[in-house]
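> Below is the structure, and that's it, no one-letter string:
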């Protein structure tokens, strides 16, 4: 919806009070866009303000600050009255880190090349002895210009790029992009395709949660969990390769449906995988629960308050571990989840332990979902052809990390005019800075892994 | 925990048998590698992984090399935390402009003799991102590359075969 400055400001004023949650804020040359969700009605709305300048949202609502900095870097849009005008996704001049003042403070610069097999980013710690006083993140190292490549690209290439915004969420991003494209073109999707998409999405969630549960424990030096969870993750990926032809299921979800059908023995393969998880996983949960030395590291570490989780509309296990019970599969919701039974586990503690438990509970939910999907999988076609048509469409899809927002504008020639893909990490990275405050430096890897934000997804 | 450990002791190992070294990788390496340096290092190689702008898909599969199924360390490879301890740089991504300097500096910090392995289609030539103004495009544009392991992302087995070729050629 195209609106005027006054209306833009009115929307902005409803954000700090929590009536509306900020879902995305992005730009294109000559226009600023904002997506919000109404907390009461769960309606997802997009507002567009033409012009090179727009009244800053970040001045009223801090979660918007980094998004506005990115809009300036990528499209030259000016946020009037913005509280922070340092570049964000564009690295040129030396970066001015925010000052921290006080006695006996020292700084620890980390990255962009980290010690582990991790994505690049810079963390600037200010510490007093072992205690972190301030963490400031500097991101943008993996900025690949993905949205610029998508602009004007043929649909097939655009979909492949969307699936590489964040490799760990390739199914979820491809799904969000496909749904937004389908909404833009009023493109009907065969029922079987929506169910196969959900199957791929739940397998992706399982693989990532197994990986994360093990990795968090590994960062607390409890390697036996890492070994067992790594093995379960491997089994999920192998099943995914057998069903969808690719371990991470890249390029399997395409606009209009899915690329290929699953083999005839898919039900047996899934059955074997679920039986394995059900036989092995409960022992690991018990092990986590009963190892006091491990919980000594995870309980009360890296606490994120409910107030901050709500303010930033933090998605996924980060929000749900801090009392924000939001799940895009429920609200606004999309097929076929309205026909599936699942819970959205939520706790309030907000510490590393809580984020591990949310993942454990979500593994259990996803196992149940995969079983329901296989039992009810309808027959029929798996894709339909592009009906043509121009327009804009949006989608909100629940990836393993949280809700992924996609906005697509299609051209008459079947190419993508422009797209925006917002990773959940945009609203999670700033919260890591808050959660680490007052913790010891040595607990940072643990906190960071429990958040597991995406660098590539954020940097685009 | 005792229950779980006992079960692990009683069952057969879940680690897969070693694959043969990749033929194409052997051929690529045959032209480039100094054998004298290899003999000095023996059957041990330390790897420093550098993400130069990947989508993190390659990192997931590189991580998998450390799981009990592929168990990379049984072949003498080890991931290390610093380039100063490394013999091999394992580089992923289309080399974003923002990572170019960090990559060059990591290479400079790695002692000789050293090898560079470019992992994934992006690291080969920029892949899907080759035409992006934000990317340099391909590790070879920035560093001398000894071996390419293609794939989007390469599977752990493909990675293992490539790395074994690197070990093989050094004997």
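Structure received. Just so it is clear, the structure is predicted and the values come from calculations on it, not from any experiment. Numbering: from 1, shown residues only, chains lettered A, B, ... in the order given.
> just so I have it, where are all the helices in the stretch 251-400 of chain A?
Counting by DSSP state H, counting those that start in this stretch, the segments of the stretch 251-400 of chain A that form helices are A:266-290, A:292-298, A:306-311, A:316-320, A:352-376.
> And chain B, by the same measure?
Here chain B has its helices, by DSSP state H, at B:2-10, B:23-30, B:35-41, B:57-64, B:97-108, B:121-125, B:156-168.
> Quickly, which of these bottoms out on average pLDDT?
Here the helices of chain B differ in mean pLDDT, and the lowest is helix B:35-41 at a mean of 55.
> so which residue of the stretch 151-300 of chain A comes closest to chain B?
Here the stretch 151-300 of chain A gets closest to chain B at one residue, residue A:167, 2.8 Å apart by CB to the nearest CB. All C-beta spots, glycine's among them, are computed from the backbone N, C-alpha and C.
> With adjacent residues omitted, what lies nearest to that residue?
Distances taken as CB to CB, 6 or more residues apart in numbering or on different chains put residue B:57 closest to residue A:167, at 2.8 Å, once the chain neighbours are dropped.
> just to revisit the earlier point, and the helices of the stretch 251-400 of chain A, which is most packed in?
Mean neighbour count (mean count of other CB atoms under 10 Å in any protein chain shown) peaks for helix A:316-320 among those, with a mean of 28.
> Any idea how many residues pack against the nearest residue to residue A:445 once chain neighbours are set aside?
Of all residues not flanking residue A:445 in the chain, residue A:219 sits nearest, at 4.6 Å (CB to CB, 6+ apart). Per other CB atoms under 10 Å in any protein chain shown, the neighbour tally for residue A:219 reads 21.
> Tell me who's in contact with residue A:435.
Applying CB atoms under 8 Å, 6 or more residues apart in numbering or on different chains to residue A:435 gives the contacts A:302-304, A:350, A:447, A:451.
> again, 6 Å this time
A:302, A:304, A:447 (CB atoms under 6 Å, 6 or more residues apart in numbering or on different chains).
> where's it, which helix or strand?
Using DSSP states H and E, residue A:435 sits in helix A:429-436.
> tell me which parts of the stretch 201-350 of chain A are close to chain B?
Contacts of the stretch 201-350 of chain A with chain B, taken as CB under 6 Å from any CB of the partner chain, map to A:227, A:230-231, A:234, A:248, A:283, A:287.
> What about those residues, which one has the most neighbours?
Counting neighbours by other CB under 10 Å, residue A:248 leads those with 26 neighbours.
> for the helix or strand harbouring residue A:49, which positions count as buried?
Of the helices and strands defined by DSSP H and E, residue A:49 is found in strand A:44-50. By 16 or more other CB atoms under 10 Å in any protein chain shown, the buried positions in strand A:44-50 come out as A:44, A:46-47, A:49.
> what's the angle from the following helix or strand past the helix holding residue A:435 to helix A:429-436?
Remark: after helix A:429-436, the chain's next helix or strand is helix A:444-451, criterion DSSP H and E. Here helix A:444-451 points in a direction 130 degrees away from that of helix A:429-436 (axes from the mean of the first three to the mean of the last three CA atoms, to 10 degrees).
> Show me how far helix A:444-451 is from its chain's centre.
A distance of 16 Å separates the centroid of the chain from that of helix A:444-451, by CA atoms, centre = their mean, to the nearest Å.
> same check, this time on stretch A:292-311
For stretch A:292-311, the distance to the chain centre is 20 Å (CA atoms, centre = their mean).
> ok, residues contacting that stretch?
A:220, A:222, A:319, A:322-324, A:350-353, A:431, A:434-435, A:439, A:443, A:447.
> Can you give me the end-to-end span of that stretch?
33 Å (CA to CA, to the nearest Å).
> ok, now which ones touch the residue in the stretch 351-460 of chain A that chain B sits nearest to?
For the stretch 351-460 of chain A, the residue closest to chain B is residue A:456, as judged by CB to the nearest CB, at 4.8 Å. By CB under 6 Å, 6+ apart, the contact list for residue A:456 reads A:142, A:166, B:55-56.
> State the pLDDT value of the residue nearest to residue A:445.
94.
> From residue A:349, how far out is it?
Noted for residue A:219: a distance of 19 Å to residue A:349, by CB to CB, to the nearest Å.
> Apart from its chain neighbours, what residue comes closest to residue B:84?
In space, residue B:84 is closest to residue B:109, 5.7 Å off (CB to CB, 6+ apart).
> Is the one you found in contact with residue B:82, as I believe?
No. When contacts are counted by CB atoms under 6 Å, residue B:109 is not listed as touching residue B:82 (7.7 Å).
> Check the gap between the residue nearest to residue B:84 and residue B:91 for me.
Using CB to CB, residue B:109 is found at 14 Å from residue B:91.
> cool, residue A:414 as well?
As for residue A:414, its distance to residue B:91 is 36 Å (criterion: CB to CB).
> repeat for residue B:48
Remark: distance between residue B:48 and residue B:91 (CB to CB) = 9 Å.
> between those two, which one's more packed in?
Using other CB under 10 Å as the criterion, residue B:48 and residue B:91 rank with residue B:91 on top: 30 against 25.
> about what we covered before: count the residues that sit near the residue nearest to residue B:84.
By the criterion of other CB under 10 Å, residue B:109 has 14 neighbours.
> Turn the helices of chain B into a markdown table, columns for distance to residue A:274.
As requested, the helices of chain B are exported to a markdown table (distance: least, CB to CB, whole Å):
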| stretch | distance to residue A:274 |
| --- | --- |
| helix B:2-10 | 20 |
| helix B:23-30 | 37 |
| helix B:35-41 | 45 |
| helix B:57-64 | 21 |
| helix B:97-108 | 40 |
| helix B:121-125 | 33 |
| helix B:156-168 | 23 |
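> which one of these lies closest to residue A:252?
With CB to CB as the criterion, residue A:252 lies closest to helix B:57-64 of the helices of chain B, at 13.4 Å.
> that's a helix at residue A:15, yeah?
No. Assignment of residue A:15 by DSSP: H, G, I helix; E, B strand; the rest coil gives coil, placing it outside any helix.
> Can you tell me which of the contacts of residue A:456 is nearest residue B:116?
Closest approach to residue B:116 among these (CB to CB): residue A:142, at 19.3 Å.
> Closest one of the contacts of residue A:435 to residue A:185?
For the contacts of residue A:435, the nearest to residue A:185 is residue A:304 (39.2 Å; CB to CB).
> Okay, the closest one and residue A:316: tell me how far apart.
12 Å.
> Can you spell out which helices and strands pack onto the strand holding residue A:49?
Contacts defined by 3 or more CB pairs under 6 Å, 6 or more residues apart in numbering or on different chains; DSSP states H and E place strand A:44-50 against strand A:31-38.
> let's see it at 7 Å
Contacts defined by 3 or more CB pairs under 7 Å, 6 or more residues apart in numbering or on different chains; DSSP states H and E place strand A:44-50 against helix A:5-13, strand A:31-38, strand A:391-398.
> Run through who's touching the last one.
By that I understand strand A:391-398. With contacts defined as CB atoms under 7 Å, 6 or more residues apart in numbering or on different chains, strand A:391-398 is touched by A:23, A:35, A:44, A:46, A:172, A:175-176, A:179-185, A:327-329, A:332, A:403-410.
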